[in-house]
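Asker: Show me how the following folds:
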Amino acid sequence: MNFIVFGILVLTFPTFLSFRWANRCTIHPKGFIPDGEHREYQVPDNCTEGAIYWKYPKEYIIVNFTLESPGNFLVCLRESIGGNMFSFYDITGEIRLSIPKGTWPCINSQTGNASVEIHAPEMLPYLGAIKYSIQF
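Answerer: Numbering: from 1, shown residues only. Here you go, the predicted structure:
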């Protein structure tokens with residue numbers, strides 16, 4: 001049994017480190033967000049993939065994706081480290097669209113911009129991460 005637990009830890013440790021000390025394309029929301037408030041983050045315009053690593057979240061964040069060229073692109077979300085516990089909304093257009101849990105869609109940009117609203121799970125403390133990639 002100890003061998004299995006050790007094996008799992010050894011296999012997941014590099015993934016954890018890649019999120020914890022990753023490059024500038026990783027978003028790191030920090031600390032608790034007061035009730036009724038949110039924080040907003042901008043992904044650097046030349047990042048085409050990265051992660052949103054959230055340690056002990058509360059409330060919600062908005063992540064904006066903007067590229068230098070105003071052409072259309074897709075922002076694709078993928079699960080990583082418990083990402084399925086979060087609630088997602090596509091807020092790119094005029095309508096706030098709920099993304100069903102357990103699905104990992106691609107969000108269409110509009111005039112070089114895309115935005116996603118990410119709500120923390122109700123269970124605290126919680127640690128999670130979501131990967132993103134931008135496709136042209």
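Asker: list the helices and strands the longest strand out of those in the chain packs on?
Answerer: Across the chain, the longest stretch assigned as strand under DSSP state E is strand 127-135. With contacts taken as 3 or more C-beta pairs under 8 Å, 6 or more residues apart in numbering; DSSP states H and E, strand 127-135 sits against strand 49-55, strand 60-66, strand 74-80. All C-beta spots, glycine's among them, are computed from the backbone N, C-alpha and C.
Asker: will you turn those strands into a markdown table that also has mean pLDDT, distance to residue 102 and mean neighbour count?
Answerer: A markdown table is the format used below for the helices and strands packed on strand 127-135 (pLDDT from 0 to 100; distance: least, C-beta to C-beta, whole Å; neighbours: other C-beta atoms under 10 Å):
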| stretch | mean pLDDT | distance to residue 102 | mean neighbour count |
| --- | --- | --- | --- |
| strand 49-55 | 92 | 18 | 21 |
| strand 60-66 | 95 | 19 | 18 |
| strand 74-80 | 93 | 9 | 17 |
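Asker: Just send these back as CSV, with distance to residue 25 too.
Answerer: Below are the helices and strands packed on strand 127-135 laid out as CSV (distance: least, C-beta to C-beta, whole Å):
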stretch, distance to residue 25
strand 49-55, 3
strand 60-66, 11
strand 74-80, 13
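Asker: Any idea which of those strands gets closest to residue 36?
Answerer: With C-beta to C-beta, the closest approach to residue 36 among the helices and strands packed on strand 127-135 belongs to strand 60-66: 10.2 Å.
Asker: ok, that closest one: who's next to it in the sheet?
Answerer: strand 38-43 (parallel), strand 113-119 (antiparallel) (DSSP bridges).
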